[in-house]
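# what follows is a predicted protein model with its sequence.
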Amino acid sequence: MAGKTAYVTGGASGIGQAVSEMLASKGIKVCVGDMNLEGAQKTASQLGNGAMAVQVNAADWDSQLAAFEKAVDAFGRLDYVFPIAGIGERAAIKNDPKATRFQKPDLAVVDVDLTGVLYTSFLAVQQMRRQEKDKDGFRGKIAVTASVCGFYCVPTVPVYTAAKHGVVGFVRSYGKYLPEEGMTLNAVCPNVVRTSISTPAFYDKVDEQGVLTSIKDVVDAFASFLDTDTSGECMEVGPNGGFTPKAQAPHLDKETTSILNMIEQRSHRLHEPEPDAGV
C-alpha cells in the first residue's frame, strides 16, 4: 500500500488519530482533518511520510469542501477516505415543564455524526469517479465510523442513536451499489471506546466492569477494509475482542424481497452518468 493516499476526519485524537497512525505505518500518505487544527498538525508531524493537516468542521459543507480540496490539490488522488469525526449525545431540548415557548432542538449530533459523514462520503465519491482504477480495479475506498448504537437502541441517547442508525442504513444501501463504479463503502461500529466523546470517569467505570472495547480492535477493523472488495458491510467491534460483520435483519417474506428489488431497479437511474458526461 506504500504510495497510496488517505484523508481522515477527526484525526487529531481518538479513533481518527489511531487510524491515521495505522495508515502511515503501511506507507500511506495521510491528510489529517480536524476541527482542532493544532491537534491535526501535531498528529501529521508525528506521522511523517509527507502527511499534512487541514482544519475542518464536519457539520459545515463549505468547511468540508475547502479541506477536501486541499487534500486533493496536495495528493492528486485519494485512495482511501475515512469520515471518522463525531460527537456524543447532548440534551436536544431542556426538560422544563414551566416553559411557555417551544424550543428548537439542538441537533448538532445529527449535523456531525450523520450529515457530516454524508458530506465527506459524497465528496469522496465525486473525487473517486474522476480517478482511474488502480491495479486492483478500484477507484477508491471509503470506511466510516458508526456505532453499536446503529444496531441497538439506547433510550437516553435518542439523537445519537438516530444518527448512527442513519449511517448504518447509508452504508448498507449505497455500499452495495458503489462497487458498480469501482468503489467500496463500509462502516466500523464500535462499542464503548475510550475517546474524548465522554468523560474519563465514565470510561473508568466501563473499564472496571471489563467491558471497554479496545481501540486496537477498532483500528484492526478499519484496516480490514483496505485490501478487500467487501462493500456495504458494518463491522461490530465489542469488548470481547475482534470484530465481526453484523447481519442485516431478514426480509419479512419473499414478497417484500421482490418489492425492494423493484425499488432498487427503479432508482438505479438516480446514480447513472448524465447523458452528456462522456462516460
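That came through fine.

# how many residues are close by the residue nearest to residue 210 when sequence neighbours are not counted?
The shortest distance from residue 210 to any non-neighbouring residue, by CB to CB, 6 or more residues apart in numbering, is to residue 239 (7.2 Å). (Glycine included, C-beta is placed from N, CA and C.) Neighbourhood size, residue 239 [other CB atoms under 10 Å]: 17.

# OK, contacts around residue 239?
Taking CB atoms under 8 Å, 6 or more residues apart in numbering, we find residue 239 in contact with 191, 192, 210, 211, 212, 213, 214.

# give me the buried subset of those.
The neighbour-count test (16 or more other CB atoms under 10 Å) marks 191, 192, 212, 213, 214 as buried among the contacts of residue 239.

# that older thread, redo the contacts of residue 239 as JSON lines? Include secondary structure and pLDDT.
Shown next, in JSON lines, are the contacts of residue 239 (DSSP: H, G, I helix; E, B strand; the rest coil; pLDDT from 0 to 100):
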{"residue": "191", "secondary structure": "coil", "pLDDT": "97"}
{"residue": "192", "secondary structure": "coil", "pLDDT": "96"}
{"residue": "210", "secondary structure": "coil", "pLDDT": "95"}
{"residue": "211", "secondary structure": "coil", "pLDDT": "95"}
{"residue": "212", "secondary structure": "coil", "pLDDT": "95"}
{"residue": "213", "secondary structure": "strand", "pLDDT": "96"}
{"residue": "214", "secondary structure": "coil", "pLDDT": "95"}
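
# got those residues as TSV, with distance to residue 180 columns?
Shown next, in TSV, are the contacts of residue 239 (distance: CB to CB, whole Å):
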residue	distance to residue 180
191	33
192	36
210	44
211	40
212	39
213	34
214	35
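
# and of the residues you listed, the nearest to residue 169?
residue 191 (19.4 Å; CB to CB).

# show the backbone phi and psi for the closest one.
The phi/psi pair for residue 191 (degrees, to the nearest 10) reads phi -80, psi -160.

# which residue is the nearest non-sequential neighbour of it?
Among residues not flanking residue 191 along the chain, residue 213 sits closest, at 4.4 Å (CB to CB, 6+ apart).

# if I look at the one you found, how far off is residue 194?
Here the criterion is CB to CB, to the nearest Å. By it, residue 213 lies 9 Å from residue 194.

# and the residue nearest to residue 191, bridged to which residues?
Counting by DSSP bridges, residue 213 is bridged to residue 193.

# that one touches residue 238, doesn't it?
Yes: counting by CB atoms under 8 Å, residue 213 touches residue 238, with 6.1 Å between them.
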